[in-house]
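A.B. asks: 3D, please:
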Amino acid sequence: MKKIYFLPILLLLFSNCSSDASSDPDPVEEQMYFPPNDGSSSWETKSIAALNWNQTAVQPLLDYLQEKNTKSFIVLVNGRIVIENYFNGHTVTTPWYWASAGKTLTATVTGIAQDEGLLNINNKVSDYLGTGWTSAPLAKENLITCKNLLSMNSGLNDALGDDVSPNNLQYVADAGNRWAYHNVYVKLQDVVAEASGQSWANYFNTKLRDRIGMTGGSWINLDNLSVYWSTTRNMARFGLLALNQGKWNGTTIVNQNYWNQATTTSQNINQAYGYLWWLNGKSSYHLPQSQFQFSGNLIPNAPSDMYAALGKNDQKIYVIPSKKMVIIRMGEVANPENPTFALSGFDNELWAKISALYQ
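C.D. replies: Take a look at the predicted model:
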């Protein structure tokens, strides 16, 4: 009889021990963390050891980053800082420019304005800016919607430089029929300003920057383009918002349906482009200043579900939902002999180093 009663007790004890042994949360399942918005430097961390990552892969990654003219690099997992390094005199408080990685800020704020009923991305741009904002024939200008600007298929000539004055916005093809990486997207900032009755900077600060604690960042006019500058941690905050599909610590900043559209193929020409976000894992892609279609993944060494904000001189926000990971890189161009506007060979080289951390 003793054996009959003793066996269930043993099984119960074994079950409890097994439960305790596996109680450490999987990093993917661990609760998401958001740093406070109070302007403090407080930010929770997570060690390489706690993630069971390969510690021996860290120093080769950092050496490579320094060699490639990096100023700052951050890895977040579930919102917690796993790696944070600064190079070449850059510090946690030093601002740097986002370049075209900041396009995604414009896409996000456009979605916020739509949530508030101020605009509809399916409406033509001239509904907000009036006619004559391009030099295209009126019938062709009126084909261009806000969504075309988000998707880079406005049909305007991308070979005329960064100037977005009417004389420099010339017709090449009907909107929707040609994908071309073009700074005409900045006209969305004018659309938001007109629709909201506020300056672009004020609306951005109130509706996005201040709500997720991106303190101190600002838009600076460089060569007639509005370029965002901030600390690396502020860029990481935006990446964390992206990872959480527009939610910040339980508060919706921009609705999830819009976010899903923004990070899904937005047109049928460049499969690797959403609403100003680059998308990995697609069957083909186009590059800036080219009408050629390339086969395969945008960044083969990166996870296929990754989407990214990519800026001139290798400013990077990588968002990887399957790994609950955000990665930020700021700095000078990684390969000076081959400067780029967005994607570069550096992306794939860097991801070979990053993936060695967890494979």
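
A.B. asks: quick one, strands of the chain?
C.D. replies: 70-77, 80-86, 96-97, 218-222, 225-230, 247-248, 251-252, 278-279, 284-285, 294-295, 307-311, 315-320, 325-331 (DSSP state E).

A.B. asks: can you pull the contacts of residue 172?
C.D. replies: 155-158, 178, 180 (CB atoms under 8 Å, 6 or more residues apart in numbering). C-betas here are computed from N, CA, C, even on glycine.

A.B. asks: cutoff 6 Å now
C.D. replies: Counting by CB atoms under 6 Å, 6 or more residues apart in numbering, residue 172 makes contact with 155, 157.

A.B. asks: can you tell me how far it sits from residue 155?
C.D. replies: 6 Å (CB to CB, to the nearest Å).

A.B. asks: nearest to residue 190, of the strands of the chain?
C.D. replies: strand 225-230 (10.0 Å; CB to CB).

A.B. asks: elements contacting that closest one?
C.D. replies: If you count contacts as 3 or more CB pairs under 6 Å, 6 or more residues apart in numbering; DSSP states H and E, strand 225-230 packs onto strand 218-222.

A.B. asks: any buried residues in the strand it packs on, and which?
C.D. replies: Neighbour-count burial for strand 218-222, counted by 16 or more other CB atoms under 10 Å, picks out residue 219.

A.B. asks: all numbers from here: first residue = 45
C.D. replies: Okay, using 45 as the starting number, the last item reads as strand 262-266.

A.B. asks: centre of the chain to it, how far?
C.D. replies: Computed by CA atoms, centre = their mean, to the nearest Å, the chain-centroid distance of strand 262-266 equals 19 Å.

A.B. asks: for the stretch 145-294 of the chain, what spans make up the helices?
C.D. replies: With helices called from DSSP state H, counting those that start in this stretch, the stretch 145-294 of the chain shows them at 147-159, 170-173, 182-185, 190-195, 231-240, 244-248, 276-287.

A.B. asks: any idea which helix or strand in this structure has the lowest mean pLDDT?
C.D. replies: helix 46-65 (a mean of 37; mean pLDDT, DSSP states H and E).

A.B. asks: coming back round to it: could you dump the strands of the chain into TSV and include mean pLDDT and distance to residue 387?
C.D. replies: Output for the strands of the chain, formatted as TSV (pLDDT from 0 to 100; distance: least, CB to CB, whole Å):
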stretch	mean pLDDT	distance to residue 387
strand 114-121	98	17
strand 124-130	98	23
strand 140-141	97	18
strand 262-266	90	22
strand 269-274	92	19
strand 291-292	98	28
strand 295-296	98	31
strand 322-323	98	7
strand 328-329	96	8
strand 338-339	96	10
strand 351-355	97	6
strand 359-364	98	10
strand 369-375	98	13
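
A.B. asks: now these as CSV including distance to residue 83?
C.D. replies: Shown next, in CSV, are those (distance: least, CB to CB, whole Å):
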stretch, distance to residue 83
strand 114-121, 18
strand 124-130, 17
strand 140-141, 19
strand 262-266, 15
strand 269-274, 14
strand 291-292, 16
strand 295-296, 18
strand 322-323, 31
strand 328-329, 40
strand 338-339, 44
strand 351-355, 24
strand 359-364, 22
strand 369-375, 20
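
A.B. asks: ok, which of the ones you listed comes nearest residue 309?
C.D. replies: Among those, if distance is taken as CB to CB, the winner is strand 322-323, at 6.5 Å.

A.B. asks: nearest to residue 239, of the strands of the chain?
C.D. replies: strand 269-274 (16.9 Å).

A.B. asks: what's next to the closest one, contact-wise?
C.D. replies: By CB under 6 Å, 6+ apart, strand 269-274 touches 139, 141-142, 146, 149, 206, 261-264.

A.B. asks: buried among those residues? Need that as a selection in ChimeraX.
C.D. replies: Remark: buried members of those, expressed as a ChimeraX selection using 16+ other CB under 10 Å:
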select :139,141,142,146,149,261,263
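
A.B. asks: run through the residues that contact residue 289.
C.D. replies: 300, 303.

A.B. asks: just the one 10 residues further on next, same as before
C.D. replies: With contact set as CB under 6 Å, 6+ apart, residue 299 has these partners: residue 159.

A.B. asks: look up how far residue 238 lies from it.
C.D. replies: 22 Å.
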